[in-house]
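>>> Coordinates for the following, if possible.
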Amino acid sequence: MKKKLHLPGELAGQAIRNVFAKPATIDYPHGDPSIPANYRGRLVYDAPRCINCLMCMRDCPSKAIRIENRGTKENPDMHAYLNVARCIFCCQCVDSCPKKCLSASNDILLARLSRDELSVEL
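Down below sits the predicted model:
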């Protein structure tokens, strides 16, 4: 004798329980999301500490970082640029910097309206 499945009844019961359950998501625009302690968000660049070794550019697996010296060798004026569209947020650049000029922040608002705006100066 075959066992009869009560699948439609089980699904209806589960659906009714889920109607009264607490939602699994948060109302993000109206409430702050909880960010874990080791979250890797937008990169922060401390230009005065940079020694222009370019190790962050070399070690970036997606080639998302560009460092430029707009000054001279004697008086450097370092600027860092991040292409958010290419960045995989692995923070290899942060780990490879000998002077710790780069760090990861808790900033999660990285969306832009156009592709041109995704290349940002740090």
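
>>> The longest helix seen in the chain: what's the following helix or strand?
If you go by DSSP state H, the chain has its longest helix at helix 7-19. Per DSSP states H and E, the first helix or strand lying C-terminal to helix 7-19 is strand 43-45.

>>> That following strand - contacts with which helices or strands?
Packing partners of strand 43-45 (3 or more Cβ pairs under 8 Å, 6 or more residues apart in numbering; DSSP states H and E): strand 78-83, strand 102-104. Just so you know, the C-beta spots here come from the backbone N, C-alpha and C atoms, and that holds for glycine as well.

>>> Can you give the contact residues for the helix or strand just after that strand?
As assigned by DSSP H and E, the chain's next helix or strand after strand 43-45 is helix 55-59. For helix 55-59, contacts defined as Cβ atoms under 8 Å, 6 or more residues apart in numbering pick out 63, 65-67, 80, 92-98, 101-102.

>>> still on that earlier bit, could you check how far the longest helix of the chain is from the centre of its chain?
How far helix 7-19 lies from its chain's middle: 38 Å, per Cα atoms, centre = their mean, to the nearest Å.

>>> Nearest residue to the spatially most central residue of the chain in space, please, no chain neighbours.
By Cα atoms, centre = their mean, the mean C-alpha position of the chain lies nearest to residue 41, the distance being 3.7 Å. Using Cβ to Cβ, 6 or more residues apart in numbering and skipping the chain neighbours, the partner closest in space to residue 41 is residue 107 (4.5 Å).

>>> my read: that neighbour touches residue 39, true?
No. Residue 107 sits out of contact with residue 39 when judged by Cβ atoms under 8 Å, with a separation of 9.4 Å.

>>> before we move on, back to that, out of the helices and strands packed on strand 43-45, flag the one nearest residue 17.
strand 102-104 (40.0 Å; Cβ to Cβ).

>>> Packing partners of the closest one?
Partner elements for strand 102-104 (3+ Cβ pairs under 8 Å, 6+ apart): strand 43-45, helix 92-96.

>>> Using neighbour counts, pick out the buried residues of the longest one.
When burial is assessed from 16 or more other Cβ atoms under 10 Å, helix 92-96 yields the following buried residues: 92, 93, 94.
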